[in-house]
Each structure stands twice: as structure tokens, then as C-alpha cells.
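*Asks:* I'll drop the sequence and a predicted model, then ask my questions.
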Amino acid sequence: EFRGTSRNHAWRWLHGALIQGSAVIMTVDLWQHWVTCVGLLGDRVILIDTARTKNNIRENGIHVLSKDRLMARWRSNYKNKDNIYQAICVSKAKKK
């Protein structure tokens, strides 16, 4: 799990998790919605969103976002306090 207020620390944590092949479930849009980051495409993040918005339906729920666009959606300025980045890393169980 990740929860922090540093944009750079949040990005490094997310990038590290995705490089290792993990998926990351995160809160976005002021904690109103959850999405899943599933990989990297160069310096951009592949994001899956199940919202039924026109844009999302047109893109089949798959978006490739730059760092700036992703971080703007991810940050949550909750009750006018510091920006908070919150996410959960999900990885496959290792075989014994």
C-alpha cells in the first residue's frame, strides 16, 4: 500500500511497482473513483478505467497517460489539506 503527499515519491513508487510487473489500484478524481494501472509504455502509464463516460467508452476504458496527466488525476486535495496519493500494489503470488 502507498499513501503519501510527495508527488515525486508517489511517482517513483508507482513506476517501481509497474516495472516489477505488478498492477496498481489507485484512487483518482478527488477519491471519487478507482482505476488500475497495469504497465508502462515508455514514460507513460497504461491505465484501465471502468467508468461509463463517453470518452472512456470511446477509448474502451484503456488510456495511456503522461506522468503529468496521471499525477493530476491521482492527487486528492482532501478537505483543502495536502495533496494525498493513495494506491494499492497487487502482484502475483510467487510459486514455491
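*Replies:* Received the coordinates, thanks. Bear in mind the structure is a predicted one, so any value in this text is a computation, not a measurement.

*Asks:* just to check, Val35 is in contact with Met26?
*Replies:* Yes. If you go by C-beta atoms under 8 Å, Val35 and Met26 touch, sitting 6.2 Å apart. Any C-beta I mention is one placed from the backbone N, CA and C, and that applies to glycine too.

*Asks:* need the overlap of contacts for the two.
*Replies:* Overlap of the contact sets of Val35 and Met26 (by C-beta atoms under 8 Å, 6 or more residues apart in numbering) is empty.

*Asks:* any idea which helix or strand comes after the strand or helix carrying Trp11?
*Replies:* Counting by DSSP states H and E, the element that carries Trp11 is helix 7-19. Remark: after helix 7-19, the chain's next helix or strand is strand 23-28, criterion DSSP H and E.

*Asks:* what about the helices in this protein?
*Replies:* 7-19, 54-58, 67-74 (DSSP state H).

*Asks:* now those in TSV, with mean pLDDT, distance to Gly39 and mean neighbour count?
*Replies:* Output for the helices of the chain, formatted as TSV (pLDDT from 0 to 100; distance: least, C-beta to C-beta, whole Å; neighbours: other C-beta atoms under 10 Å):
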stretch	mean pLDDT	distance to Gly39	mean neighbour count
helix 7-19	95	6	16
helix 54-58	77	18	10
helix 67-74	92	13	16
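
*Asks:* quick one: closest of these to Ser91.
*Replies:* Set against Ser91 and scored by C-beta to C-beta, the helices of the chain come closest in helix 7-19, at 7.9 Å.

*Asks:* before we move on, the earlier item: what angle sits between the helix holding Trp11 and strand 23-28?
*Replies:* Orientation check (axes from the mean of the first three to the mean of the last three C-alpha atoms, to 10 degrees): helix 7-19 against strand 23-28 gives 150 degrees.

*Asks:* tell me which strands and helices helix 7-19 is in contact with?
*Replies:* With contacts taken as 3 or more C-beta pairs under 8 Å, 6 or more residues apart in numbering; DSSP states H and E, helix 7-19 sits against strand 2-4, strand 23-28, strand 33-41, helix 67-74, strand 83-90.
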